[in-house]
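A.B. asks: Next comes the sequence, and after it the predicted model I'd like to discuss.
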Amino acid sequence: MMTPIQIVFLLASLCFRASATKNPCTYKEKIYQDGQTFIDVYSECKCDDGQVTCSQRVYPKNPCTYKGNNYQDGQTFIDVYSECKCDDGQVTCFQRVYPKNPCTYKGNNYQDGQTFIDVYSECKCDDGKVKCSQRVYPKNPCTYKGNNYQDGQTFIDVYSECKCNDGQVTCSQRAYPIANQPPTNPPPTPLPTTCPCPDTHCCRVVWRYGGKKRTSCCPQCRFTQDTWGSDCVHI
């Protein structure tokens, strides 16, 4: 019967033999012992009991030299107004972003870019400086004879042309095209070319005395075959 110590030694011997029996590897016509690592172009490989496992090889990245100073890969540094970084031997720089300043205006503090109202002005904080401009108020619409009109809108009211101006309606006489305008001074009505004929005695009197007026109707009897006619003509 084996003692406990003998059992321990026996198990240790068996484990040693088992570990010693792991198989070597053959890879691309080369033999590698169990646990051995080797390089295959861009891969790092290892023999594991007859099986070769490979993973992409990790290359150490290169440091950088910039304006006489050395920087490790991934290191960032400041160059005047630029922020730079070493990336595998190459230095890349971009413009440095400075935090903008807040503003103090009439005892109140405002963040950069913040807008605020100061009575009739609209102000904005711009990197420590306050800039103000006149406040623009929205203009009012108009109501005219029960109809609503937007500010600046024009409309016709019978013979007038009207416009909404910030809540107030102003109207002016509508301008008609020249072709449709009535004449300012209509031509005088022409006088008739004939007048009512008076009796024969009137005609004889007019003929005898020549009592004619320029602005009156002065008929004269026709004289036919030594007799006065009953009809008159305008002279």
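C.D. replies: Yep, it's here. None of these values were measured; they are calculated from a predicted model.
A.B. asks: CA only for contacts and neighbour counts going forward, please
C.D. replies: Noted.
A.B. asks: Extract the residue ranges of the protein that are flagged as low pLDDT.
C.D. replies: For the chain, residues meeting the criterion pLDDT under 70 lie at 1-2, 8, 14-20, 177-235.
A.B. asks: My guess is residue 142 contacts residue 150. True?
C.D. replies: Yes. With contact defined as C-alpha atoms under 8 Å, residue 142 reaches residue 150; the gap is 6.3 Å.
A.B. asks: tell me, what's touching those two both at once?
C.D. replies: Listed as contacting both residue 142 and residue 150 by C-alpha atoms under 8 Å, 6 or more residues apart in numbering are residue 164.
A.B. asks: So which of those two has more stuff around it?
C.D. replies: Higher neighbour count among residue 142 and residue 150: residue 142, with 20 against 16, using other C-alpha atoms under 10 Å.
A.B. asks: how close does the more buried one get to residue 151?
C.D. replies: Look at residue 142 and residue 151: by C-alpha to C-alpha, to the nearest Å, they are 7 Å apart.
A.B. asks: shared neighbours of those two, anything?
C.D. replies: With C-alpha under 8 Å, 6+ apart, residue 142 and residue 151 have common neighbours 164, 165, 166, 167.
A.B. asks: how near is the second one to residue 134?
C.D. replies: Using C-alpha to C-alpha, residue 165 is found at 20 Å from residue 134.
A.B. asks: And the helices in this structure?
C.D. replies: 4-20, 200-209 (DSSP state H).
A.B. asks: care to break this protein down by domain?
C.D. replies: Domain segmentation of the chain under automatic domain parsing yields 22-59, 64-95, 103-134, 142-178, 200-234.
A.B. asks: Out of those, which is closest to residue 7?
C.D. replies: domain 22-59 (23.7 Å; C-alpha to C-alpha).
A.B. asks: Quick one: end-to-end distance for that closest one.
C.D. replies: 31 Å.
A.B. asks: in that domain, what's buried?
C.D. replies: If you call a residue buried by 16 or more other C-alpha atoms under 10 Å, then domain 22-59 has these buried ones: 23-25, 32-35, 37, 45-50, 52.
A.B. asks: right, and the pair among those with maximum separation?
C.D. replies: Pairwise distances among these were taken by C-alpha to C-alpha; the largest, 15.9 Å, belongs to 23 and 45.
A.B. asks: Let's check: the centremost residue of this protein is which one?
C.D. replies: residue 136 (18.9 Å; C-alpha atoms, centre = their mean).
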